[in-house]
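Undergrad: sequence plus the predicted model coming up.
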Amino acid sequence: MKSIFSKAMMLVAFAAALLSFSPRFGGEGFEVYLNGKVLLQQFGKDMHTVKSLRLGKLNPQDKLSIRYYHCGQNGTNRTLTIRDEKNNVLKVWRYTNSAASNEMLCRNEDIISLQKTGNALIRLYYSCREVPGERLLANIVTADNPVVAARK
């Protein structure tokens, strides 16, 4: 009996260890990619801190994407919103409800035009039906905004 109990406990511990390494199986988090390279990644308790994301100069052919994980499922009615320092909405992207992919692509032409606006601070927000309100993901620092770079 003791042998069965110890084997069961080892199996539970092993399964918990495996599940703790993958953001897709539960919890909350997000990743920001530029051309397939991870620029920012936050999960669990790190979601309460907001980091700055330095994009630099984007080219129209660059691919900026965000993946948001919520309890291992893709959100529905997903949006990404860019706001300025005064909380004014500069750009909103809306995404279809897809069970196949949680990748949200941002049009680089839009980001490039936002880089030229001269805003001292640009913020990236995520929202979906499953997450109440908007979630601030990152402050965006662009190459043309030296004021923000100095604040960092």
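TA: Arrived safely, thanks for sending. Numbering: from 1, shown residues only.

Undergrad: could you use CA atoms for every contact and neighbour count after this?
TA: Noted.

Undergrad: for the protein, which segments count as strands?
TA: For the chain, applying DSSP state E gives strands covering 28-34, 37-43, 51-54, 64-70, 79-84, 89-94, 103-106, 122-128, 131-141.

Undergrad: next, the angle strand 37-43 makes with the longest one.
TA: Between the axes of strand 131-141 and strand 37-43, defined by axes from the mean of the first three to the mean of the last three Cα atoms, to 10 degrees, the angle is 140 degrees.

Undergrad: and the closest residue to Ser101 other than its chain neighbours, how far from Arg135?
TA: Nearest non-adjacent residue to Ser101, counting by Cα to Cα, 6 or more residues apart in numbering: Asn74, 7.5 Å away. According to Cα to Cα, to the nearest Å, Asn74 stands 15 Å off from Arg135.

Undergrad: which one of these two has more residues nearby?
TA: Counting neighbours by other Cα atoms under 10 Å for Asn74 and for Arg135 shows that Asn74 has the greater number, 21 against 17.

Undergrad: wait, what's in contact with the most centrally placed residue in the chain?
TA: Nearest to the geometric centre of the chain sits Phe30, at 3.5 Å (Cα atoms, centre = their mean). Counting by Cα atoms under 8 Å, 6 or more residues apart in numbering, Phe30 touches 41-43, 66-69, 137.

Undergrad: could I get the residues you listed in CSV, plus columns for distance to Val92, neighbour count and pLDDT?
TA: Putting those into CSV (distance: Cα to Cα, whole Å; neighbours: other Cα atoms under 10 Å; pLDDT from 0 to 100) gives the following:
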residue, distance to Val92, neighbour count, pLDDT
Gln41, 22, 17, 91
Gln42, 22, 19, 89
Phe43, 24, 16, 89
Ile66, 14, 21, 91
Arg67, 16, 16, 90
Tyr68, 16, 26, 89
Tyr69, 19, 21, 85
Leu137, 14, 27, 92
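
Undergrad: pick out the most distant pair among those.
TA: Across those, the longest distance by Cα to Cα is 13.4 Å; it joins Phe43 and Ile66.

Undergrad: thanks a lot, catch you later.
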